[in-house]
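Undergrad: From the sequence below, what's the structure:
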Amino acid sequence: RVVDFDAQGLRETTIVEACSLEPGMRFDGPTIVESPSDATLVPPGMAASVDEYGNLHIEVAPSPEHSEALATQCPRAMDAITEEIIQSSLQAVAGEMFLSMQRTAMSPIIYEVLDFGTAILDASGELASSGAGIPAFVGILHR
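TA: Below you'll find the predicted structure:
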């Protein structure tokens with residue numbers, strides 16, 4: 001399928017059915033992973049892999065201009081405004097994860113009692129943000 005990407009223009013894009021994903025699979029973007037309820041985009045220049053639990057991991061690569069800037073600059077602390085914007089965005093994503101789980105759940109334990117939790121972890125398994133729900137569940141996430 002041809003997809004129009006802002007910076008790269010029209011690109012032939014691979015379509016993968018989510019039900020066909022198997023642990024250990026790896027593919028490069030541009031790819032769209034489709035399921036009956038959603039679609040996940042792996043943009044051009046990025047890659048995705050499937051872990052042993054069936055989770056899709058997208059490896060985000062910095063753009064070439066950002067890579068060059070990072071290579072020439074010394075590491076420095078992030079300013080407070082940028083840090084707050086990023087943290088608020090992560091909280092919004094975790095909140096959307098919570099609402100999506102609640103709306104699509106088949107079990108009343110999930111959609112009525114809200115007996116679950118959501119979280120975003122960094123590459124080393126450290127908590128970056130958590131959504132609404134029961135905090136004890138976040139403490140037992142697999143590292």
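
Undergrad: mind showing which ranges of the protein have poor pLDDT?
TA: Counting by pLDDT under 70, the chain shows low-confidence ranges at 61-77, 135-143.

Undergrad: Okay, strands next: where are they in it?
TA: Across the chain, reading from the start of the chain, the strands by DSSP state E fall at 2-5, 9-12, 14-17, 26-28, 31-34, 39-42, 47-50, 56-59, 117-121, 127-133.

Undergrad: Which neighbouring elements make contact with the third one?
TA: Under the contact criterion of 3 or more Cβ pairs under 8 Å, 6 or more residues apart in numbering; DSSP states H and E, strand 14-17 touches strand 31-34. The C-beta positions use only the backbone N, C-alpha and C, and glycine is treated the same way.

Undergrad: picking that back up, can I get the strands of the chain in a markdown table including mean neighbour count?
TA: Written out in a markdown table, the entries for those read as follows (neighbours: other Cβ atoms under 10 Å):
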| stretch | mean neighbour count |
| --- | --- |
| strand 2-5 | 12 |
| strand 9-12 | 10 |
| strand 14-17 | 13 |
| strand 26-28 | 12 |
| strand 31-34 | 17 |
| strand 39-42 | 16 |
| strand 47-50 | 17 |
| strand 56-59 | 14 |
| strand 117-121 | 18 |
| strand 127-133 | 19 |
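
Undergrad: Which elements pack onto the longest helix belonging to the chain?
TA: Among the segments of the chain that qualify as a helix by DSSP state H, the longest is helix 80-104. When contacts are defined as 3+ Cβ pairs under 8 Å, 6+ apart, helix 80-104 packs onto helix 108-111, strand 117-121, strand 127-133.

Undergrad: Nice, that's everything, thank you.
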